[in-house]
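quick one, what's the 3D model for this:
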Amino acid sequence: MPELDQVLARIDADLPSALDRLFTVLRIRSISTDPAYADECRACAQWHAADLRAIGFDASVRTTSGHPMVVGHDRSASGPSALFYGHYDVQPVDPLELWEHDPFEPFIETRADGSKAIRGRGTSDDKGQLMTFVEACRAWKAVTGRLPIPVSILLEGEEESGGTNLPPFLRAHAAELKADVGLICDTSMWDRQTPAITTMLRGLCGEEVIIRAADRDLHSGFYGSAAANPNRVLARIIADLHDENGRVTIPNFYDGVPELPAALREQWEALPFDPARFLGDVGLSVPAGERGRSVLEMVWSRPTCEINGMGGGYQGAGFKTVIPAEASAKISFRLVFDQDPHAIRQEFRRFVQARLPADCRAEFIEHGSSRAIRFPIEAAAFGKARDALTTEWGRPAFYVGGGGSIPVTHQLKQALGMDVILAGFGLEDDRIHSPNEKYELESFRRGIRSWARVLDALAR
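Numbers count the residues shown, from 1 in each chain. As a prediction, this is how the structure comes out:
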């Protein structure tokens, strides 16, 4: 029996043990954005390092000024080298009352149609996904005693909280981490049966703005109309961010945003995509972005300005008649092509400052940034990975765009000079960042098999 077939058989036979390992790491509450969970983040890093050592990697926990990194190497094979990146940290679970089960007590749910899903925080983003690669390496080592190619693994603990320590870590360890190609499993399938490789991702610029006026909350009967109201000021600024056609009105916002190339537009139009179903699945029906753009353009190749959170004044039970001393909003910009996140940030701040009335002032808090990125699908590694996925799933793998942002892709390109194959096995309904997150059991099993095939293909 060929080696690859033996590895695939081993993966299927070892699935119960792979699930036990996944459940162990899912129970660790590695919420990176909350300092109360710093010890759990370190415990999660230590677990991964020990697990990698158990299968023959030279792995260690690397301290940073925030949560630690995990680095592991197995370079005993020859051939083109790969660096796999994943993140072990997870999003907060709030609102807890919307979870049907304890988010850190994973279990397998069997649905009426017989399909099964793994439930719990981090199942899809990103613990379940990163473990598909680790389990593929485990199977290769168990069957053959080696990996098909030299492999390094980098696991981050701050992806969900800004990732400020990753760029300097990459720069400081560039010689150690550099490889011929990067591999990331933090994206989605095209649908439940069709794999996909994401070749372009939007960048991100996060801003928080706080509008302040009086030195304390004021009685609205005594000061109403006479005193500036930060809620009203902020609401007007936010309303000005878009015009009636859905375009962002910040000056120079569209600098570096070309029209979609005709060939790429034709490829996207040929994809089996139903915009009505896409919106209908979340209870909507009408696209709310730029008029004249397709939904795929809106989510893959057009920039956005979204208000992610707002607050100001009394928001508890009952009623309190106050004019608040301050109001705040958190705003994210998804960026495409050659948009500069730092230029966008400065233009946004000028936009706000220009709209402040007397007695009002603004404070800005930066929440990370990254550029958009595109990878060359003509490169041999992309074709090999696509063929491997196609063989495993029995359907041609699609090259797709991504509406989200994975800053590490640009950082790997910038610091290490490598292209990155983004092949994930999540689904749109995995509820990442939301209550009741899940990961399909079949995504986990066939994700492991897929990476085993990709490693084999890259060696050829």
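
can I assume Ala227 sits in a helix?
No. Assessed by DSSP: H, G, I helix; E, B strand; the rest coil, Ala227 does not belong to a helix; its assignment is coil.

residue contacts, it?
If you count contacts by C-beta atoms under 8 Å, 6 or more residues apart in numbering, Ala227 has them with Ala213, Ala214, Leu218, Ile323. For the C-beta atoms, the positions are set from N, CA and C on the backbone; glycine is no exception.

where along the stretch 351-460 of the chain do the strands fall?
Counting by DSSP state E, counting those that start in this stretch, the stretch 351-460 of the chain has strands at residues 361-370, 373-374, 398-402, 420-422, 438-440.

out of the contacts of Ala227, which sit inside strands?
Judged by DSSP state E, the subset of these located in strands is Leu218, Ile323.

related to what we said a few turns ago, out of the strands of the stretch 351-460 of the chain, nearest to Arg349?
Arg349 lies closest to strand 361-370 among those, at 5.5 Å (C-beta to C-beta).

quick one: mean pLDDT for that closest one?
Across strand 361-370, pLDDT averages out at 93.

buried stuff in that strand?
Of the residues in strand 361-370, Ala362, His367, Gly368, Ser369, Ser370 count as buried by neighbour count, 16 or more other C-beta atoms under 10 Å.

with stretch 438-453 instead?
In stretch 438-453, counting by 16+ other C-beta under 10 Å, buried: 438-441, 443-453.

wait, Lys438 sits on Ala117?
Yes. Here Lys438 reaches Ala117: they are 4.3 Å apart, a contact under C-beta atoms under 8 Å.

isn't Ser188 up against Leu427?
Yes. Contact criterion C-beta under 8 Å: Ser188 and Leu427 qualify, at 6.1 Å.

still on that earlier bit, want to throw the buried residues of strand 361-370 into a markdown table with distance to Glu297?
Formatted as a markdown table, the buried residues of strand 361-370 follow (distance: C-beta to C-beta, whole Å):
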| residue | distance to Glu297 |
| --- | --- |
| Ala362 | 33 |
| His367 | 26 |
| Gly368 | 25 |
| Ser369 | 23 |
| Ser370 | 21 |
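
so which of the strands of the stretch 351-460 of the chain gets nearest Phe337?
strand 373-374 (7.9 Å).

mind giving me the packing neighbours of the closest one?
Applying 3 or more C-beta pairs under 8 Å, 6 or more residues apart in numbering; DSSP states H and E, one finds that strand 373-374 contacts strand 196-201, helix 407-416.

low-confidence stretches in this protein?
In the predicted model of the chain, residues 1 satisfy pLDDT under 70.

identify the contacts common to Lys438 and Ala117.
Counting by C-beta under 8 Å, 6+ apart, the residues touching both Lys438 and Ala117 are Glu109.

quick one: contacts for the residue nearest to Leu218 when sequence neighbours are not counted?
Excluding the flanking residues, the one nearest Leu218 by C-beta to C-beta, 6 or more residues apart in numbering is Ile323, at 4.3 Å. Contacts for Ile323 (C-beta under 8 Å, 6+ apart) come out as Ala213, Ala214, Asp217, Leu218, His219, Ser220, Tyr223, Gly224, Ala227, Asn229, Gly313.

rebuild the residues you listed as a markdown table, extending it with distance to Ala77.
Below are these laid out as a markdown table (distance: C-beta to C-beta, whole Å):
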| residue | distance to Ala77 |
| --- | --- |
| Ala213 | 64 |
| Ala214 | 67 |
| Asp217 | 65 |
| Leu218 | 70 |
| His219 | 73 |
| Ser220 | 71 |
| Tyr223 | 73 |
| Gly224 | 73 |
| Ala227 | 70 |
| Asn229 | 66 |
| Gly313 | 61 |
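
ok, those vs Ala276, which is closest?
Set against Ala276, the nearest of these by C-beta to C-beta is Gly313 (38.6 Å).

please report phi then psi for Phe273.
Torsion angles at Phe273 (phi, psi; degrees, to the nearest 10) stand at phi -120, psi 130.

next one: stretch 34-52 to chain centre, how far?
Here stretch 34-52 shows a centroid-to-chain-centroid distance of 20 Å under the convention C-alpha atoms, centre = their mean, to the nearest Å.

also stretch 31-40?
Centroid displacement of stretch 31-40 relative to its chain, using C-alpha atoms, centre = their mean, is 19 Å.

kindly report the same for stretch 412-426.
13 Å.

what of stretch 80-93?
10 Å.

extract the C-alpha trace of that stretch and format it as CSV.
The C-alpha coordinates for stretch 80-93 follow below in CSV (Å, rounded to 0.1, in the frame of the first residue of the first chain):
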residue,chain,number,x,y,z
PRO,A,80,10.7,22.5,-0.2
SER,A,81,10.0,23.8,3.3
ALA,A,82,6.7,25.0,4.8
LEU,A,83,5.8,27.2,7.8
PHE,A,84,2.3,26.5,9.2
TYR,A,85,0.7,29.3,11.2
GLY,A,86,-2.3,29.0,13.6
HIS,A,87,-3.5,30.7,16.7
TYR,A,88,-4.5,29.1,20.0
ASP,A,89,-6.3,32.1,21.5
VAL,A,90,-10.1,32.5,21.2
GLN,A,91,-12.7,35.2,21.4
PRO,A,92,-14.6,36.1,24.6
VAL,A,93,-17.9,34.1,25.0
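
tell me what the helix or strand containing Cys137 is packed against?
Taking DSSP states H and E as the definition, Cys137 sits inside helix 127-144. Contacts defined by 3+ C-beta pairs under 8 Å, 6+ apart place helix 127-144 against helix 3-13, helix 15-26, strand 82-87, strand 151-156, helix 441-459.

I'm done for today, thanks for sticking with me.
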